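# I'd like to go over a predicted model; first the sequence, then the structure.
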Amino acid sequence: MANWEVGNYLNSHFVSSYQKVGTFRIANGQKLGGNVASYFCLPDGEVLHVIAGPVNAATLLREARWVVETWKLALLEKQEEPAQLSAFFAKAHADRLRQEHGLTLPELRQLPKASSPELTSFLIELPNQKLTRQARIQLLLASNSPLQIEQIYKVIFEKVLGEQISTNPVVGGTSATN
């Protein structure tokens, strides 16, 4: 798969942006350290989907298509109001959690609200569960509460990806750490 195909698809369906939130360094022209999370959001910042960590072009395209097709299905089923759309995407994430990771929400305990401090410990500790990064994301997004990017980016970056938030600039050769 050519990367231009991914770029064309993303450009035709999304507005792309980025924000550096972690620290990494550049040595011999190579980026060392750091991580990435790809967010698919509504214009108001509500998160519809997240990809945790770097992925290849085929995976990025597959996940972007999943967001677009799920959005279209929500509209087809007249799930256009904000609460309906959030519930629709939460169910879609719960379905993926079951299909791809063999977990159903009742197997776990009640999910904490997105804005609660318990959410961070819940994602980390998940009793007796060895979940992949993407399974943790599916679980978070299946919580059926509308999640704004500003509510969850720190949780995803620090607790799912295991990185620290930093506002230090990247410099050639090294990058300062907090």
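Here it is on my side, so go on.
# what segments of the chain are helices?
Using DSSP state H, the helices found in the chain span residues 3-13, 57-76, 82-101, 118-125, 133-141, 149-154.
# which of the residues in the shortest one are classified as buried?
Meaning helix 149-154. Ile149, Gln151, Ile152, Tyr153 (16 or more other Cβ atoms under 10 Å). Yep, even glycine has a C-beta here, placed from its N, CA and C like the rest.
# and for the second one?
Going by neighbour count (16+ other Cβ under 10 Å), the buried part of helix 57-76 is Leu60, Leu61, Glu63, Ala64, Val67, Val68, Thr70, Trp71, Ala74.
# the third one and Ile51 touch, don't they?
If I follow you right, that is Glu63. Yes - with contact defined as Cβ atoms under 8 Å, Glu63 reaches Ile51; the gap is 5.3 Å.
# intersection of neighbour lists for these two?
Ser38 (Cβ atoms under 8 Å, 6 or more residues apart in numbering).
# kindly reformat the helices of the chain as JSON lines containing distance to Thr167 and mean pLDDT.
Below are these laid out as JSON lines (distance: least, Cβ to Cβ, whole Å; pLDDT from 0 to 100):
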{"stretch": "helix 3-13", "distance to Thr167": "27", "mean pLDDT": "90"}
{"stretch": "helix 57-76", "distance to Thr167": "26", "mean pLDDT": "95"}
{"stretch": "helix 82-101", "distance to Thr167": "30", "mean pLDDT": "91"}
{"stretch": "helix 118-125", "distance to Thr167": "20", "mean pLDDT": "60"}
{"stretch": "helix 133-141", "distance to Thr167": "24", "mean pLDDT": "87"}
{"stretch": "helix 149-154", "distance to Thr167": "13", "mean pLDDT": "87"}
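# name the nearest of the buried residues of helix 149-154 relative to Arg98.
Ile152 (21.6 Å; Cβ to Cβ).
# export the buried residues of helix 149-154 as a markdown table, with columns for distance to Asn3.
Formatted as a markdown table, those follow (distance: Cβ to Cβ, whole Å):
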| residue | distance to Asn3 |
| --- | --- |
| Ile149 | 25 |
| Gln151 | 31 |
| Ile152 | 28 |
| Tyr153 | 25 |
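# of those, which is the nearest to Asp95?
Among the buried residues of helix 149-154, and counting by Cβ to Cβ, the member closest to Asp95 is Ile152, at 20.2 Å.
# any idea how far the closest one lies from Gln99?
23 Å (Cβ to Cβ, to the nearest Å).
# residue with max distance from the center of this protein?
Asn28 (30.4 Å; Cα atoms, centre = their mean).
# now the spatially most central residue of the chain: closest residue in space, sequence neighbours ignored.
By Cα atoms, centre = their mean, the chain has its centre lying nearest to Val50, at 1.9 Å. Nearest non-adjacent residue to Val50, counting by Cβ to Cβ, 6 or more residues apart in numbering: Ile137, 4.9 Å away.
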